[in-house]
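Student: everything below, folded, please.
(chains A and B)
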Amino acid sequence: MVSYDRIAKLSLERGFYFPSSEIYSNAPAGFWEYGPNGNNIKNKFIELWRRELVRRDDMVEIDGAQIMAKNVFVASGHIDNFSDPVIVCGKCKSILRADKYILEKTGINVPERMSNNEMDKILNQYNLKCPKCGLLFQKSEQFNMMFKVGIGPNNDEAYLRPETCQSIFVDFNRIFKIMRGKLPFPIAQVGKSFRNEVAPRQSLLRLREFYQAEIEIFCNPNQLDTISKFDEIQDTTLTIMEGTKVKKLTAKEALDTKIIPNKLIAYYLSILNEFYEKTGIDMNQTRFRKLSDQEKAFYATIAFDFEFNTSVGWLELVACNYRSNFDLSQHSKISKEKMEIMDPVTNEKVLPHVFELSLGIDRSIYSILEQSFKEDYENNRVVLKLKPYLAPVLAAILPLVKKPELEEIAKNIYYNLKKDFDIYYDGSGSIGRRYRRLEEIGVPFAITVDYDTPNDRTVTIRDRDTMEQRRIEIKDLKSFFEKNRTP
RNA sequence: GCGACGAUCGUCCAGUUUGGUCUAGGACAUCAGAUUGCCAAUCUGGUAACCCGGGUUCAAAUCCCGGUCGUCGCACCA
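Tutor: Sure, this is the predicted structure:
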């Protein structure tokens, strides 16, 4: 049984993740901590992302503030569009979507920008009542999914960012200049975002505070088919879903059949695909789902969701949106800053368009855990088959039994290597028990010091997945670890 | 946010129906020691919990009220 519940339990027991503030009974839902093992996996996941996307594509990476000025979100549209008009019953506290309820009861189609005052007039005019307890509705309110924060003694209005990318858009001009940018120019960022979800659920899958790894590729809209890097990935196989049809095809075929509209998007979807392949998730259980016009965010002209088939259904891991020049033109308008740049390649002045890969780290971590989890009934064990470069611990150094002559050698090996690798020492319990413990958190290698070691300076290396052992000289351990932690 | 159901050591479970015998018991895990020449072995000892706040009562894990969280359904979901 590989299921959401099984992963949740393992995570609690082994410290991958657990509820935040859990010793207090009034802890709010939707906030989770990564424990020591989970944190290590997360860091290694991010490092793999850097390797396969940021460094591969010569991206630059920034780290922006989590609290941003109100006007950032006026420009981005979040103040207006990230909130819903609601009516709250004063008696039974029922919350209803104001616009939907008015439409249902009166047939009046409430436009998105209708003010609360106007909605209140309709409420009174038609004597709309709470469907549960019959109390008359008085006022509509806005429920905004952003967390508002008060800055300084005057409580000046600001917000926790609901997506990390806004800092990238706002900072674009300066970064492009100081990094002597050329289009296409990708800027990456890892960080936290905050959304005041109405009903957060399912631990890492729907959080109020969550990690994103976002990449915003600034590009010249007239040069979307001139990327030479496309050649690197033209044979990469992608699974693309359009409507209800699912097709497997190469990047080149996707481009030729116009499922993917241009080389730039094809290139970035492909390197994203290759990145996820390295995380170890089963690519046969993934797809790029092309969103219909109804499903797309208002700023997106083309959108693909990269999804993974988990035990709780298809899960969106990455939103890939072509945002046109929406963000830069909005920030330019509200801030009065000029955002056009000279494209040094074509020598034309452009307001860059943006294609983004907005990756959910927490959901990816969950997907990797679920994929890695294997119950080996034959050997009566639970194994997390994580790739060595994603494992929280690369190897454990173990004395076969608790004997000073073996312990001393094992501790020496440990002290000599612990600064270079995530390894740990464990001398308690029977050797079999220690192997089982290691398997459950995904440690790929166990190094055992046995009675041959004092004589020939060799140790055994046990492979987590096959349980097979071979001997290696102590002096070769360092290069063995180096080789095996590299993707 | 609504509705239903639930919450006891790290985990799983017993105890709640019918208040007292519960300074809360067991198993697994964990820690210390013994033992151990390679896959959750054995022995001894230890650590460790009644979700929170009120109430009823001589007495509350147990009954009542409120809250929080969790699961599921509805709604919501850039």
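Student: A strand includes residue A:471, no?
Tutor: Yes - counting by DSSP: H, G, I helix; E, B strand; the rest coil, residue A:471 falls inside a strand.
Student: the closest residue in space to it that isn't next to it in sequence bridge partners, please.
Tutor: Spatially, and ignoring its direct neighbours in sequence, residue A:471 is nearest to residue A:458 (4.5 Å; CB to CB, 6 or more residues apart in numbering). Bear in mind the C-beta positions are built from the backbone N, C-alpha and C, glycine included. Counting by DSSP bridges, residue A:458 forms beta bridges with residue A:473.
Student: do I have it right that residue A:458 meets residue A:469?
Tutor: No - contact between residue A:458 and residue A:469 fails when scored by CB atoms under 8 Å: they sit 11.3 Å apart.
Student: please, which helix or strand holds residue A:44?
Tutor: helix A:36-49 (DSSP states H and E).
Student: which elements pack onto that helix?
Tutor: On a contact count with 3 or more CB pairs under 8 Å, 6 or more residues apart in numbering; DSSP states H and E, helix A:36-49 meets strand A:209-219, helix A:263-279, helix A:361-372.
Student: neighbouring strands for the first one, and are they parallel or not?
Tutor: Its sheet considered, strand A:209-219 pairs with strand A:185-194 (antiparallel), strand A:353-360 (antiparallel) by DSSP bridges.
Student: between the first one and helix A:263-279, how many degrees?
Tutor: Angular relation of strand A:185-194 and helix A:263-279 on a 0 to 180 degree scale: 60 degrees, by axes from the mean of the first three to the mean of the last three CA atoms, to 10 degrees.
Student: tell me if strand A:185-194 is near RNA strand B.
Tutor: No - using CB under 7 Å from any atom of the strand, strand A:185-194 stays clear of RNA strand B, coming no nearer than 8.9 Å.
Student: and the helices and strands packed on helix A:36-49: which comes nearest residue A:15?
Tutor: With CB to CB, the closest approach to residue A:15 among the helices and strands packed on helix A:36-49 belongs to helix A:361-372: 12.5 Å.
Student: show me what that closest one is packed up against.
Tutor: So helix A:361-372, by 3+ CB pairs under 8 Å, 6+ apart, packs with helix A:4-14, helix A:36-49, strand A:209-219, strand A:302-310, strand A:313-324.
Student: what comes up buried for the helix holding residue A:44?
Tutor: Residues A:37-38, A:40-42, A:44-46, A:48-49 are the ones in helix A:36-49 that count as buried (16 or more other CB atoms under 10 Å).
Student: output those residues in TSV; the columns should cover pLDDT and distance to residue A:483.
Tutor: Shown next, in TSV, are the buried residues of helix A:36-49 (pLDDT from 0 to 100; distance: CB to CB, whole Å):
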residue	pLDDT	distance to residue A:483
A:37	94	23
A:38	95	26
A:40	96	20
A:41	96	21
A:42	96	24
A:44	97	16
A:45	97	20
A:46	97	22
A:48	98	16
A:49	98	21
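Student: closest to RNA strand B out of those?
Tutor: RNA strand B has its nearest neighbour among these in residue A:37, at 13.2 Å by CB to the nearest atom of the strand.
Student: could you report the neighbour count for the residue nearest to that closest one when sequence neighbours are not counted?
Tutor: Once flanking residues are discounted, residue A:37 sits nearest to residue A:392: 4.1 Å by CB to CB, 6+ apart. Residues within reach of residue A:392, counting by other CB atoms under 10 Å, total 24.
Student: what does residue A:75 give?
Tutor: As a burial measure, residue A:75 scores 23 neighbours (other CB under 10 Å).
Student: and the helix or strand hosting it, does that touch RNA strand B?
Tutor: Following DSSP H and E, one finds residue A:75 within helix A:70-76. Yes - looking at helix A:70-76 against RNA strand B by CB under 7 Å from any atom of the strand, the contacts come from residue A:76.
Student: now that helix: buried residues?
Tutor: Residues A:70, A:72-76 are the ones in helix A:70-76 that count as buried (16+ other CB under 10 Å).
Student: closest one of these to residue A:271?
Tutor: In terms of CB to CB, no member of the buried residues of helix A:70-76 lies closer to residue A:271 than residue A:76, at 26.5 Å.
Student: dump the residue contacts of that closest one.
Tutor: A:166, A:169, A:327, A:330-331 (CB atoms under 8 Å, 6 or more residues apart in numbering).
Student: do the same with residue A:68
Tutor: Contacts of residue A:68 by CB under 8 Å, 6+ apart are A:158-159, A:161, A:166-167, A:170.
Student: what do you get for residue A:411?
Tutor: So, once contact is read as CB under 8 Å, 6+ apart, residue A:411 ends up touching A:397, A:425.
Student: quickly find the element holding it.
Tutor: Assigned by DSSP H and E, residue A:411 belongs to helix A:404-417.
Student: do that helix and RNA strand B meet at all?
Tutor: No - between helix A:404-417 and RNA strand B, judged by CB under 7 Å from any atom of the strand, nothing touches; the nearest distance is 9.0 Å.
Student: what element comes up after that helix heading to the C-terminus?
Tutor: Counting by DSSP H and E, the element after helix A:404-417 in chain order, helix or strand, is strand A:423-425.
Student: pull the helix or strand following that following strand out as CSV, backbone CA atoms only.
Tutor: With elements assigned by DSSP H and E, the helix or strand that comes after strand A:423-425 is helix A:431-440. Presented in CSV, the C-alpha positions along helix A:431-440 are these (Å, rounded to 0.1, in the frame of the first residue of the first chain):
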residue,chain,number,x,y,z
ILE,A,431,23.6,-4.7,12.5
GLY,A,432,20.4,-5.9,10.8
ARG,A,433,18.4,-3.4,12.8
ARG,A,434,20.7,-0.6,11.8
TYR,A,435,20.4,-1.5,8.1
ARG,A,436,16.6,-1.4,8.4
ARG,A,437,16.6,2.0,10.0
LEU,A,438,18.8,3.4,7.3
GLU,A,439,16.7,2.0,4.5
GLU,A,440,13.6,3.7,5.9
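Student: picking that back up, filter the buried residues of helix A:36-49 down to the ones near RNA strand B?
Tutor: Among those, not one lies near RNA strand B by CB under 7 Å from any atom of the strand.
Student: which two in these are spaced the farthest apart?
Tutor: A:37 and A:49 (18.9 Å).
Student: which regions of the stretch 101-250 of chain A lie under the pLDDT threshold?
Tutor: By pLDDT under 70, the weakly predicted segments of the stretch 101-250 of chain A are A:103-115, A:129-139.
Student: strands of that one, start to end?
Tutor: Per DSSP state E, counting those that start in this stretch, the stretch 101-250 of chain A has strands spanning A:140-144, A:148-151, A:156-160, A:185-194, A:209-219, A:237-242, A:245-250. These are given in chain order.
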